[in-house]
Every structure is written in structure tokens, then in C-alpha cells.
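Participant: Any chance you could fold what I've pasted below:
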Amino acid sequence: MDPNRLIASLQRSRAALKLDTADLCYLVALRARAERAALASFEEDLLVDVFEQICEITDPGAENPRKRATHAIQRLREQRLLARVDGAGLVRAGEYTLTRLAAAVVDFFFDDEALTRESLTLLTGVLTAQLVQVLGAARSAGTAEAWRADVVAPLQITVRDLVAGIERRQRGLDLQQEEIRERIGALLQSDWFRAVETCEELLEATAATLRELNEVLLRDTGHIQARLQEIEQLAADRGTPEAAEAAQRAAEHVDRVSAWGRDRQRAWSEYYQYVQRFLRDVVRLDPDRALSQRLRDQLVAWPDRPFALIAARAPSIRLLRPLEARVARPPVAQPRGAWRTPLEEQPPDPRTADQEDRVRAALAAGAATLSEVLTAVLPGVSEEHRFVAVGRIAEQLAAEARPRSALDPPWVEVPGALSVEEWSLMAAAHDGLPSRLPSPAHVGTSPSRLPSPAQVGTPPSRVARPAQVGTPPSRVAPPARPGRTSEEAP
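Facilitator: This is a model prediction of the structure:
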């Protein structure tokens with residue numbers, strides 16, 4: 001039913017619920033009589049007799065109890081707590097029964113149902129089994145009547161009643177928690193320090209109960225929601241919106257049950273921390289209530305002997321800053337363009353090749369150290385390029401000569417106001433050793449086919465070309481005599 005229409009209907013009919021202690025006791029007594037005697041309805045004489053018994057308990061000195069019983073029955077009928085079930089009218093005395101509203105009011109006081117781990121596990125297990133049956137019926141249903149009888153009706157009645165049973169027990173547990181909070185306050189008010197252990201036991205027991213309930217809800221509601229989603233999906237695929245709506249409503253009820261567990265555990269955790277902090281900081285520090293009594297006496301005597309806290313006034317330092325208008329800064333943006341810049345071919349720098357030739361010429365001329373090579377090569381390099389040239393020359397010497405460095409090498413000045421760490425160059429022209437390892441083309445060849453010692457360290461133009469390596473010995477130039485190049489050898 002639409003809640004807006006219900007509110008408007010209640011306002012239009014001026015509905016009200018006014019019950020005093022005698023009326024509540026009367027309803028409870030009727031409920032107990034019906035359960036004890038297995039009565040489906042009450043005769044009017046029985047209603048009068050029960051009211052007289054209640055009147056003797058609540059108001060022993062009341063006059064004319066039968067007349068009061070008649071007014072009480074009429075008042076309960078007007079508030080829809082009693083309903084007449086016979087159709088005799090004024091012909092004879094009627095028969096009455098308690099309405100659903102009266103049963104709900106009585107159940108609140110009559111039944112002490114609280115959610116426990118056992119009851120919650122039982123209810124969620126029955127709910128899961130019922131949903132498995134409904135899911136099987138939804139998979140095999142082929143007609144609209146089958147969907148309505150085997151899917152929609154169980155979802156609207158059985159599943160809803162099971163979830164309502166969980167919610168009813170949840171409300172009972174909420175009432176128990178409120179009673180526990182009131183009991184803790186009353187214990188601290190009456191026994192103070194002697195009630196600390198009792199309060200801690202109540203806190204721990206309730207916290208453990210809520211923790212167990214939340215674990216069960218987290219475990220079982222996931223399975224329940226999964227089956228409801230399958231039912232809703234099947235209903236949407238088969239074109240039965242009524243079943244899909246019923247599954248969605250049931251899922252909303254289950255969500256509310258799960259949210260209750262999270263909210264109650266968080267609320268009780270906050271209350272638990274507050275009480276523990278009060279016990280630690282107030283009760284245990286003042287077990288005899290001496291400090292509390294002195295504070296209470298001071299508050300009572302304040303009108304006659306007022307007191308106050310006097311402190312030195314320390315004004316804050318005022319920083320007078322110039323008023324500046326805030327300017328909205330433009331957002332940082334990256335210029336749009338091509339992500340990858342195309343590569344451009346650049347011709348090789350002729351100065352690099354010329355520099356390498358001069359380094360080889362200095363080695364051929366007998367330069368034995370790094371500083372001697374730099375002294376011979378750097379004068380031909382401009383001032384702004386000498387620093388970079390030193391690094392390239394060192395890289396070339398490391399590849400073509402055999403540089404060696406002492407444990408504590410000296411630093412030598414070279415042209416261009418630069419200082420370098422001194423290297424000793426063990427080139428082939430000085431020690432008869434190859435300046436670097438043989439090339440891959442030389443690996444595996446016989447010693448007679450390797451370049452001669454005189455060829456090692458000479459410029460590339462005067463060393464045997466790679467095409468000559470690996471050719472028969474008759475076609476390889478013979479070793480040159482000292483002081484002559486390979487081209488001058490016969």
C-alpha cells in the first residue's frame with residue numbers, strides 16, 4: 001500500500017491509539033485465556049468476566065465494574081483492537097476476537113523473543129532452503145500460472161514471513177540492549193566500584209552476541225542474495241515482471257537485515273568504548289566517590305561561594321597581510337600534438353672521424369700516456385668542444401689501446417684548462433701485445449692467419465681488410481719488417 005495514501009487515510013479518519021494500564025492488562029489477559037483454552041473467539045459474557053478480574057487487580061475499589069467493562073469493550077472496538085465476528089447484530093450477544101493490532105501490542109509484552117545465534121542460524125537455513133526450491137521452480141516454470149503459484153506466492157508469503165521473523169527478533173534484541181544499558185547505569189549509580197566487574201561481564205556478553213550474529217549474517221546473506229538475484233534474472237529473461245519485483249522486494253528485506261547487524265555492532269562498539277573509558281578514568285580513579293562528592297558539594301554551594309578559573313589573557317598575534325585578490329589559475333594542460341616525433345636522418349659529424357684519425361696518428365707516433373695523446377689532439381679542437389672531445393678520446397683509447405692506471409693515479413693538466421687522470425697506454429707498438437681481443441672473424445683461425453704484430457695499432461687504412469682474414473696464406477700480405485708498413489712489404 002502507498003504510505004502517502006495511508007497517512008492521508010489516518011488523518012482523515014482521526015485514528016488514535018489510547019491505552020491505559022487497565023486496557024493493556026485486559027488485552028494480555030484475553031490473549032492468555034485464548035491460548036490456555038484454545039479459543040478462536042470470545043463471548044461477551046467472557047469478556048465481562050475477564051475485565052472484572054482485571055479491575056479487581058488494577059482498581060480494587062472501583063464501582064459498577066460491568067458498566068466499566070461495557071465501556072472498555074466499546075473503546076477497544078473503536079480503536080480496532082477488538083472485532084466482532086458474528087453477524088447477529090442486536091439479536092443476541094456477540095462474539096469478539098483480538099485484531100492483528102491487538103495481537104502485535106500483546107506480543108510486544110507477552111513474547112520475549114530475541115535474536116540469538118541458534119534462532120538466526122535456523123531461520124537463515126530455512127530461508128536458504130526455501131529459496132533453493134523457488135529457484136528450481138523458476139527454472140522449470142513454463143506458464144504464467146506456474147510462475148505465480150510456485151515463485152511469486154512463496155516469495156511474497158513464505159520468504160517474507162521468514163525475513164519478518166528475523167526482523168522481529170532483531171527488535172527484541174534491540175530492546176534487550178537498551179535494558180542492559182539501563183542496568184549498567186543503575187549498577188554504577190548504586191554500587192559504583194563494586195559494580196565494575198558486573199558491568200564488564202554484561203558488556204563482553206553483549207559484544208560477543210552481536211559479533212556472532214554479524215558473522216552469521218555476513219555468511220548467510222551472501223548466499224541468500226545470490227539466489228534472489230538468479231530468480232530475478234530468470235524472471236526478467238522469461239518476461240514475468242511480477243516475479244522479478246517480488247524477488248527484488250525480498251532482496252531489499254535481506255539487505256535491511258544485513259545492515260542491521262553492521263549498525264548494531266558499530267553502535268555497541270562505541271558504547272563499549274565509552275563505558276570502558278568511564279570505568280577506567282572515573283570509577284577506578286575514585287573508588288570511594290570522594291572526588292565526586294566534593295565536586296557535587298562545590299556545585300551545590302556555588303551560588304553562595306562562587307568559584308572561577310583565572311588565567312592570564314594571551315591575545316593571539318595579528319599578522320596584517322596585504323589584501324590580495326585571488327586570481328583563478330588556468331588549469332595545467334599539455335599541448336596536443338603527435339605523441340612520437342619522426343626521426344630525421346643526420347649526416348655524421350666529420351669532426352669526429354678526423355679526431356679519431358688524429359688519435360690513431362698520435363698512437364702511431366709513440367704517445368705512451370693519455371696526456372700525451374690529448375696534448376697532440378686537443379689543440380685542433382675548439383674551446384667549447386674540448387670537454388666532450390676528452391671523453392670521446394678516452395673511450396677510443398679504451399677500445400684501441402690497453403690503458404693501465406696506478407692505484408693512486410696522478411692528475412695531469414692538458415690543453416684547455418682541463419685536468420685528467422693519467423693513464424699508461426700499453427699499445428702494440430710499445431709492448432708487442434695486441435691492443436684488443438681478436439675480432440669474431442679471427443676466432444678459431446690459426447696463428448699464421450692472424451694479423452702480424454706490426455699491423456696491430458696501425459691505422460685502419462693500412463691493416464689487412466676483413467676480406468683478407470681467413471684467406472689462404474699465399475694471398476695474405478707477409479709480415480712487414482720493423483719500420484715498414486704492410487703496403488711496403490714485398
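
Participant: CA atoms for contacts and neighbours, from now on please.
Facilitator: Noted.

Participant: All the helices of the stretch 151-300 of the chain, in order from the start?
Facilitator: For the stretch 151-300 of the chain, the helices defined by DSSP state H, counting those that start in this stretch cover 153-154, 160-190, 196-238, 241-278, 290-300.

Participant: Including distance to residue 307, could the ones you listed go into CSV?
Facilitator: CSV is the format used below for these (distance: least, CA to CA, whole Å):
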stretch, distance to residue 307
helix 153-154, 71
helix 160-190, 27
helix 196-238, 33
helix 241-278, 26
helix 290-300, 9
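
Participant: So, low pLDDT: which residues of the chain?
Facilitator: Scanning the chain with the threshold set as pLDDT under 70 gives 1, 87-92, 110-113, 427-490.

Participant: What's the first helix or strand after the helix or strand hosting residue 138?
Facilitator: Using DSSP states H and E, residue 138 sits within helix 117-140. Per DSSP H and E, the first helix or strand lying C-terminal to helix 117-140 is helix 144-147.

Participant: So for that following helix, what gets flagged as buried?
Facilitator: residue 147 (16 or more other CA atoms under 10 Å).

Participant: how far does that helix sit from the chain's center?
Facilitator: 43 Å (CA atoms, centre = their mean, to the nearest Å).

Participant: Which one, of the helices of the stretch 151-300 of the chain, ends up nearest to residue 333?
Facilitator: Between residue 333 and the helices of the stretch 151-300 of the chain, the shortest gap by CA to CA is with helix 241-278, which sits at 44.5 Å.

Participant: Give me the helices and strands touching that closest one, please.
Facilitator: Judged by 3 or more CA pairs under 8 Å, 6 or more residues apart in numbering; DSSP states H and E, helix 241-278 is in contact with helix 160-190, helix 196-238.

Participant: Give the buried residues for that helix.
Facilitator: Using 16+ other CA under 10 Å as the test for burial, helix 241-278 gives 242-251, 253-254, 257-258, 260-262, 264-265, 268, 272, 275-276.

Participant: what does stretch 22-34 contact?
Facilitator: 39-41, 47, 50-51, 54-55, 58, 72, 98, 102-103, 106, 110 (CA atoms under 8 Å, 6 or more residues apart in numbering).

Participant: Inside strands: which ones of these?
Facilitator: residue 98 (DSSP state E).

Participant: Next, give me the two most distant ones among the contacts of stretch 22-34.
Facilitator: The two members of these with the most space between them (CA to CA) are 40 and 58, at 26.5 Å.

Participant: returning to what we had before: weed out the non-buried ones from the contacts of stretch 22-34.
Facilitator: Neighbour-count burial (16+ other CA under 10 Å) applied to the contacts of stretch 22-34 gives 41, 47, 50-51, 54-55, 72, 98, 102-103, 106.

Participant: just to revisit the earlier point, to residue 399, which of the helices and strands packed on helix 241-278 lies closest?
Facilitator: Among the helices and strands packed on helix 241-278, if distance is taken as CA to CA, the winner is helix 196-238, at 70.5 Å.

Participant: Run through the neighbouring helices and strands of that closest one.
Facilitator: Checking 3+ CA pairs under 8 Å, 6+ apart, helix 196-238 ends up next to helix 117-140, helix 160-190, helix 241-278.

Participant: Just tell me which of the ones you listed ends up closest to residue 234.
Facilitator: Among these, helix 117-140 comes nearest to residue 234, with 7.0 Å by CA to CA.

Participant: send the alpha carbons of the closest one over as CSV?
Facilitator: Provided in CSV are the C-alpha atoms of helix 117-140 (Å, rounded to 0.1, in the frame of the first residue of the first chain):
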residue,chain,number,x,y,z
ARG,A,117,22.8,-17.3,17.2
GLU,A,118,20.7,-20.5,17.2
SER,A,119,17.5,-18.8,16.1
LEU,A,120,19.3,-16.8,13.4
THR,A,121,21.1,-19.9,12.0
LEU,A,122,17.8,-21.8,11.9
LEU,A,123,15.9,-19.0,10.2
THR,A,124,18.6,-18.3,7.6
GLY,A,125,18.9,-22.1,6.9
VAL,A,126,15.2,-22.4,6.3
LEU,A,127,15.2,-19.3,4.2
THR,A,128,18.0,-20.6,2.0
ALA,A,129,16.3,-24.0,1.6
GLN,A,130,13.1,-22.3,0.6
LEU,A,131,14.9,-20.1,-2.0
VAL,A,132,16.6,-23.2,-3.5
GLN,A,133,13.1,-24.7,-4.1
VAL,A,134,11.8,-21.4,-5.5
LEU,A,135,14.9,-21.2,-7.8
GLY,A,136,14.2,-24.7,-9.1
ALA,A,137,10.6,-23.9,-9.7
ALA,A,138,11.6,-20.8,-11.6
ARG,A,139,13.9,-22.7,-13.9
SER,A,140,11.2,-25.2,-14.8
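
Participant: Check what contacts that helix and list those residues.
Facilitator: Contacts for helix 117-140 (CA under 8 Å, 6+ apart): 147, 150-151, 154-155, 158-159, 162-163, 165-166, 209, 212-213, 216, 220-221, 223-224, 227-228, 230-231, 234-235.

Participant: just stretch 154-165 next, same as before
Facilitator: Stretch 154-165 is contacted from outside by 123, 127, 130-131, 134, 246-247, 250, 253-254, 257, using CA under 8 Å, 6+ apart.

Participant: Dump those residues to JSON lines, plus distance to residue 316.
Facilitator: As requested, the contacts of stretch 154-165 are exported to JSON lines (distance: CA to CA, whole Å):
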{"residue": "123", "distance to residue 316": "64"}
{"residue": "127", "distance to residue 316": "66"}
{"residue": "130", "distance to residue 316": "70"}
{"residue": "131", "distance to residue 316": "68"}
{"residue": "134", "distance to residue 316": "72"}
{"residue": "246", "distance to residue 316": "65"}
{"residue": "247", "distance to residue 316": "64"}
{"residue": "250", "distance to residue 316": "61"}
{"residue": "253", "distance to residue 316": "56"}
{"residue": "254", "distance to residue 316": "56"}
{"residue": "257", "distance to residue 316": "53"}
